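Trainee: Sequence unavailable; structure follows:
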């Protein structure tokens with residue numbers, strides 16, 4: 001079900017300050033940007049660091065790619081913390097494992113953002 005780590009999401013109070021730190025100090029590259037988020041790329045993986053100003057649950061910064069988040073949530077044998085909701089690139093949901101750890105999943109059913117590699121048809 002889990003295909004790969006898609007992104008790690010970190011909340012920052014200011015996108016420009018966050019980009020300045022992670023690009024200038026950590027060597028990441030800006031891939032895309034919208035009003036509330038910026039995707040940064042690592043040199044050796046297609047996983048992204050997404051800086052955002054949204055009010056998302058702080059306990060699930062890692063988001064895993066799945067083929068279909070709605071189907072995955074519907075067939076999940078455990079608790080679904082947050083039912084599937086639409087996002088820019090597809091659908092997202094937050095599941096819970098038997099140990100109460102959150103598992104954030106997303107799909108790319110609407111396609112990837114510019115700069116992202118679309119792997120939704122692979123595998």
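Mentor: Thanks, I have it. This one's a predicted model, so the numbers in the text were calculated from it and none came from an experiment.

Trainee: State the next helix or strand along the chain beyond the helix or strand hosting residue 16.
Mentor: Assigned by DSSP states H and E, residue 16 belongs to helix 15-19. Using DSSP H and E, the helix or strand that follows helix 15-19 in sequence is strand 29-33.

Trainee: Mind giving me the packing neighbours of that following strand?
Mentor: Packed against strand 29-33 by the contact rule (3 or more CB pairs under 8 Å, 6 or more residues apart in numbering; DSSP states H and E) you find strand 37-41. Where C-beta positions appear, they are placed from N, C-alpha and C, glycine not excepted.

Trainee: so residue 93 bridges to which residues?
Mentor: residue 105 (DSSP bridges).

Trainee: Give me the distance between it and residue 43.
Mentor: Distance of residue 93 to residue 43, computed by CB to CB, to the nearest Å: 30 Å.

Trainee: which stretches of this protein form strands?
Mentor: 4-11, 29-33, 37-41, 48-52, 62-65, 80-87, 90-96, 102-106 (DSSP state E).

Trainee: Go ahead and confirm residue 22 touches residue 51.
Mentor: Yes - shown here, residue 22 and residue 51 form a contact pair, counting by CB atoms under 8 Å, at 6.8 Å.

Trainee: overlap in contacts of the two?
Mentor: Residues touching both residue 22 and residue 51 (CB atoms under 8 Å, 6 or more residues apart in numbering): residue 40.

Trainee: how far out from the middle of the chain is the helix holding residue 16?
Mentor: 18 Å (CA atoms, centre = their mean, to the nearest Å).

Trainee: Not counting its own residues, what contacts it?
Mentor: The contact list for helix 15-19, computed with CB under 8 Å, 6+ apart, reads 10, 12, 30, 33, 36, 37, 38, 40, 51, 52, 53.

Trainee: what's the first-to-last distance across stretch 60-67?
Mentor: Start and end residues of stretch 60-67 are separated by 19 Å (CA to CA, to the nearest Å).

Trainee: average pLDDT across that stretch?
Mentor: Averaging pLDDT along stretch 60-67 gives 96.

Trainee: Select the longest helix from the protein.
Mentor: Scanning the chain for the helix with the most residues, using DSSP state H, yields helix 69-75.

Trainee: Which elements pack onto that helix?
Mentor: Right, helix 69-75 is packed against strand 80-87, strand 90-96, strand 102-106 by 3+ CB pairs under 8 Å, 6+ apart.
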